[in-house]
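>>> this is a predicted model, with the sequence first.
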Amino acid sequence: MFSDYLKGQDPRQLLEKRMRAEGRLPPGQSASIKWPVLHVGDEPVFDAATWDFKAGGLVEAPLTLGWAQMTALPRVEVTSDFHCVTRWSTFDNRWEGVPIREILSRAKPTPEATHVMAVGHLRDRRYGYSTNLPLADLDRDDVLLAMRRNGEDISNEHGGPLRLVVPHLYAWKSCKWIRALIFMEADKAGYWEQHGYHMRGDPFREERFRKGSR
């Protein structure tokens, strides 16, 4: 029996073998059945009374939303894989949140906007972590501002209560604790990009580092 054959097999290795056969495991990655915690800096303390989200820069209608307004927006559920530059991947994550196009339709980026800076939580009255994205990589059906994963609220250590999820790029582009999107007319390096990470970060092209940075 096939079930007898599987007895004693490592579930993670079986998952990795299947994902590789299906072409879903990018080069240099290993399958993970866990969701490791990786970030820079301290975790913020969430306060629904003071939390806000902004969309600004090259937009026709600058946007500020409080937590109640954000949670009142339409939501979707998206199932996608998730690939960390530190070489682990998780599969079939069920994300629930606000589709990014709800934000784009309200803020209305101008024709000059080609790139976006996603910025994380406030630190000393300033934005802390940031990461850059081409607008074309943000404006996709499967990109969302996620509040839940696999039926549970996203925990603080994983970027809750609101995390950007851009599943087709490495996970550092899925900004934790997201608080703003700044629309720009040119590309600009965010936190990890300033430290040598790739400006785009396609996992299937292994765009981990910028040329000459390693």
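Thanks, I have it.
>>> center of the protein - which residue?
S174 (1.6 Å; CA atoms, centre = their mean).
>>> which residues touch that residue?
Going by CB atoms under 8 Å, 6 or more residues apart in numbering, S174 touches F82, G159, R163, L164, V165, V166, P167. For glycine as for every other residue, the C-beta is placed from the backbone atoms N, C-alpha and C.
>>> how about M147, nearest residue that isn't a chain neighbour?
G97 (4.7 Å; CB to CB, 6 or more residues apart in numbering).
>>> for the one helix or strand that neighbour maps to, name the packing helices and strands.
Here G97, judged by DSSP states H and E, is contained in strand 88-99. Under the contact criterion of 3 or more CB pairs under 8 Å, 6 or more residues apart in numbering; DSSP states H and E, strand 88-99 touches helix 11-21, strand 30-31, strand 76-83, strand 144-149.
>>> going on from the last one, what's the next piece of helix or strand?
Where DSSP H and E defines the elements, the next helix or strand beyond strand 144-149 is strand 152-153.
>>> contacts for the following helix or strand past that following strand?
If you walk from strand 152-153 toward the C-terminus, the next helix or strand you reach (DSSP H and E) is strand 163-165. Strand 163-165 is contacted from outside by 78, 80, 82, 95, 97, 100, 118, 143-146, 154, 173-178, using CB under 8 Å, 6+ apart.
>>> report the angle between the helix or strand following strand 163-165 and strand 144-149.
Going down the chain from strand 163-165, the next helix or strand is strand 180-184, by DSSP H and E. Between strand 180-184 and strand 144-149, the angle comes out at 160 degrees (axes from the mean of the first three to the mean of the last three CA atoms, to 10 degrees).
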